[in-house]
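Q: my questions concern the predicted model and sequence given below.
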Amino acid sequence: DAKTTQPNSMESNEEEPVHLPCNHSTISGTDYIHWYRQLPSQGPEYVIHGLTSNVNNRMASLAIAEDRKSSTLILHRATLRDAAVYYCILRGLVGATNKLIFGTGTLLAVQP
Amino acid sequence: DGGITQSPKYLFRKEGQNVTLSCEQNLNHDAMYWYRQDPGQGLRLIYYSQIVNDFQKGDIAEGYSVSREKKESFPLTVTSAQKNPTAFYLCASSIEGKANYGYTFGSGTRLTVV
């Protein structure tokens, strides 16, 4: 079973920021938080990952709670091309925890 | 450019036939994975391989088989024993044992039983 909880769907307006939440209350100290997104009929695409500190890259920002039991993916200015399913996944160091186990993700709709 | 290639993009199979889906990567990744995705669902792990000549069952391995004879290649065979094979199949690769490294996915093969 997926070890993260995400809302089933969210809506945003174009050019506005989007905050996608994820709860992972059973996270272990060595689990990294990964985010992927999947456009229709395509394979998932890596977005960002982090361990404890907030992370920024050209696609998004990742804000991680101090207790690491939740995180938020931030799209600073949503575009129509950001409409996708966003998956929050934990990846551990060894064995079964090193594999990505997908939940159902959050379906993000972006309105023009 | 490095990447992961799945072929074919679309595949039609008659009931009772075995079919093989191709997955090739030139990223020098040790680990490769096969996932299945049904409409409106997340991805479910079928098989994975951490090293050449070795592979393990995932959550839904029944009716599928794999081989890993080369580091670059991880073909998936959907056998006639798979009762509901119509789905979107995704292959991925990554560095084994590194939690701070992402997966690279192929563009998928859509299999339809006719």
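A: Perfect, I can see it now.
Q: how about residue B:35: what's its closest non-neighbour residue?
A: Distance criterion Cβ to Cβ, 6 or more residues apart in numbering or on different chains; nearest residue to residue B:35, sequence neighbours excluded, is residue B:43 at 4.0 Å. For every residue, glycine as well, the C-beta is placed using N, CA and C.
Q: who are the neighbours in contact with the residue in chain A that chain B sits nearest to?
A: When distances are taken as Cβ to the nearest Cβ, chain A reaches nearest to chain B at residue A:43, 3.4 Å away. When contacts are counted by Cβ atoms under 8 Å, 6 or more residues apart in numbering or on different chains, residue A:43 touches B:6, B:90, B:92, B:105-108.
Q: quick check: closest non-adjacent residue to it.
A: What sits nearest to residue A:43 in space, not counting adjacent residues and going by Cβ to Cβ, 6+ apart, is residue B:105, at 3.4 Å.
Q: now that neighbour: how far from residue A:103?
A: In this view, residue B:105 and residue A:103 are 16 Å apart by Cβ to Cβ, to the nearest Å.
Q: hmm, residue A:70 is touching residue A:19, no?
A: No - between residue A:70 and residue A:19 there is no contact under Cβ atoms under 8 Å: 11.5 Å.
Q: neighbour count winner among those two?
A: It is residue A:70, of residue A:70 and residue A:19, that has more neighbours when counted by other Cβ atoms under 10 Å in any protein chain shown, with 19 against 12.
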